[in-house]
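Student: Build the 3D model from these lines:
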Amino acid sequence: MKKRLTMWGAGLLSLLLCVGCGSQTHEKPENTVSDDQKIVYSNLVDPTSQQEVATLLKGRGVSDDQIDTLLSWADDFNARVTSAPLKEGFQTMKKTGVDYSGLLIKNKEESDGFIDPEANCRLTSFLLMKDRIETNGKTAADDTILMFDAEAIDTYEPFRLSEEERSKFLSFFGWVPVQGAQTLEEHTACIQKAWAEREVTIGGEGISLITVYLHSPFDQVRFVGHTGVLLETEEGLMFVEKYGPQFPFQATKFHNRDELKQYILDRPDLYGDKTEVAPLVFENDHLL
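Tutor: The predicted model follows:
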C-alpha cells in the first residue's frame, strides 16, 4: 500500500501542476522575447554550471549545506535519466520553452519495494528559502494539495524537515480559500489576506521567491502550483527551479522580470478548458 500510495502521489503531483495550471479566462499571451535577447538555461549537469549557480546562491546568503543538498538532488535526478542525456552547460532556450515531454527517468526503488518520492518545485524552493520565510504556523484546513508533500517530508530522509520547518512549509504553501471571489483582484486580495493571517514574511537581499497561484474552482481555492527562487545577478536575473516532479532542475538566465513572467505564463501546461481564473504570479508578497 505504501508503494502504491507514493507512486500515485508522484503522479498526482504532476497532474495537479498540469490540471491546476490548465484553464484560464484569457488567451495565452504571445512570446515577446526578441531574437537578440537569447535566454539560456542549465539543468545543472556539469561542474561548471553547478559552480556558477552555487556561487550565486552563496553570494545571496544561501548556506553551503543548502547548496550541497540542492546539487545532490540534481545529481541524483540527472543520473537516473534514461532517455537522451541532458546537455551540459547553458543552452539557448527556444521561444516555446524547454520540451521535456520525451524525458524518462528511472524510479528509485528501495529493497522493500518502496518507491522514493521525487523533489518537486515546492520542496526545492523551500530548501533554498526556508531560513528567509517566517509564518505563525497557521495552516489551511483540509489541504489535500500538500498531502503528498507532507508524506515525502515525513517518510523520505533527504526531504526531512524539523518540526518547525515542516509547520512553516505547510503554512506558507497551504491553499487559500477564494469562495465568492471571481476576479483577479479579488483573488489577489484573498491571497494577501491569508498571508496576513499566517503572518508570512520573506526576507533577503538579491534573492526572492516566485510563486504561481493557480485556481481550483472545484475546491474554491488558490494553491501554489509552481514556485522557484529568483536571484539578482550582475547581468540580470537567474531563476532556479525544479520544473516538475518528473522533470529536471533548471537554472535560467533572464534579462528582466518581464521575460521571467513571460516564460512562466508560456508553460504549455497552463492552459486548458478555460473554466479557471488566470494564474497569479507573485514575487514575495506582491504581484510580479
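Student: ranges for the helices of the chain?
Tutor: Under the criterion DSSP state H, helices of the chain are mapped to 2-20, 47-59, 64-79, 121-129, 147-155, 163-173, 184-197, 257-265.
Student: Identify, out of these, the most deeply packed stretch.
Tutor: Counting by mean count of other C-beta atoms under 10 Å, helix 121-129 has the highest mean neighbour count of the helices of the chain, with a mean of 23. Any C-beta I mention is one placed from the backbone N, CA and C, and that applies to glycine too.
Student: how many degrees apart are it and helix 47-59 in direction?
Tutor: 60 degrees (axes from the mean of the first three to the mean of the last three C-alpha atoms, to 10 degrees).
Student: Renumber starting at 16 from here on
Tutor: OK, 16 is where the count begins now, so the last one is helix 136-144.
Student: and helix 136-144, how far out from the chain's middle?
Tutor: Between the centre of helix 136-144 and the centre of its chain there are 7 Å (C-alpha atoms, centre = their mean, to the nearest Å).
Student: now do stretch 158-169
Tutor: The chain centroid and the centroid of stretch 158-169 are separated by 15 Å under C-alpha atoms, centre = their mean.
Student: again, but for stretch 185-203
Tutor: That offset, for stretch 185-203, works out to 18 Å (C-alpha atoms, centre = their mean).
Student: Span of it from start to end?
Tutor: 20 Å (C-alpha to C-alpha, to the nearest Å).
Student: E256: how many residues sit nearby?
Tutor: For E256, the neighbour count with other C-beta atoms under 10 Å is 22.
Student: Okay, now the unreliable bits of the stretch 66-215 of the chain?
Tutor: The stretch 66-215 of the chain contains no residues with pLDDT under 70.
Student: hang on, the earlier thing: how about the helices of the chain, which one is nearest L119?
Tutor: Ranking those by proximity to L119 (C-beta to C-beta) places helix 79-94 first, at 12.1 Å.
Student: what about that closest one, distance to the chain center?
Tutor: For helix 79-94, the distance to the chain centre is 16 Å (C-alpha atoms, centre = their mean).
Student: now what about it, what contacts it?
Tutor: Outside of helix 79-94, the residues within contact range by C-beta atoms under 8 Å, 6 or more residues apart in numbering are 58-60, 65, 69, 72-73, 101, 120, 123, 133-134, 139, 142-143, 145-146, 173, 255, 257, 263-264.
Student: can we see that at 7 Å?
Tutor: Helix 79-94 is contacted by residues 58-60, 65, 69, 72-73, 101, 120, 134, 142-143, 263-264 when judged by C-beta atoms under 7 Å, 6 or more residues apart in numbering.
Student: angle of it against helix 62-74?
Tutor: Going by the same axes, to 10 degrees, helix 79-94 makes 150 degrees with helix 62-74.
Student: What about the residue lying closest to E201 once chain neighbours are set aside, how many residues nearby?
Tutor: Spatial nearest neighbour of E201, chain neighbours left out: V193 (7.4 Å); criterion: C-beta to C-beta, 6 or more residues apart in numbering. The local packing count at V193 equals 23, with neighbours defined by other C-beta under 10 Å.
Student: my guess is V193 meets D234, correct?
Tutor: No: between V193 and D234 there is no contact under C-beta atoms under 7 Å: 9.2 Å.
Student: Identify whichever of the helices of the chain lies nearest to G112.
Tutor: Using C-beta to C-beta, those put helix 272-280 closest to G112, at 6.8 Å.
Student: The closest one - contacts with which helices or strands?
Tutor: Contact partners of helix 272-280 among helices and strands, from 3 or more C-beta pairs under 7 Å, 6 or more residues apart in numbering; DSSP states H and E: strand 252-257.
Student: now with 8 Å?
Tutor: Judged by 3 or more C-beta pairs under 8 Å, 6 or more residues apart in numbering; DSSP states H and E, helix 272-280 is in contact with strand 222-231, strand 252-257, strand 264-269, strand 295-298.
Student: What is the third one packed up against?
Tutor: The contact analysis (3+ C-beta pairs under 8 Å, 6+ apart) places strand 264-269 against strand 55-57, helix 79-94, strand 252-257, helix 272-280.
Student: Quick one: closest of those to G240.
Tutor: helix 272-280 (10.5 Å).
Student: Return the angle between stretch directions for the closest one and strand 222-231.
Tutor: 40 degrees.
Student: Relative to the whole chain's centre, how far out is helix 272-280?
Tutor: Distance, centroid of helix 272-280 to centroid of chain: 14 Å (C-alpha atoms, centre = their mean).
Student: just the angle between that helix and strand 264-269, please?
Tutor: Using the same axes, to 10 degrees: helix 272-280 against strand 264-269 is 140 degrees.
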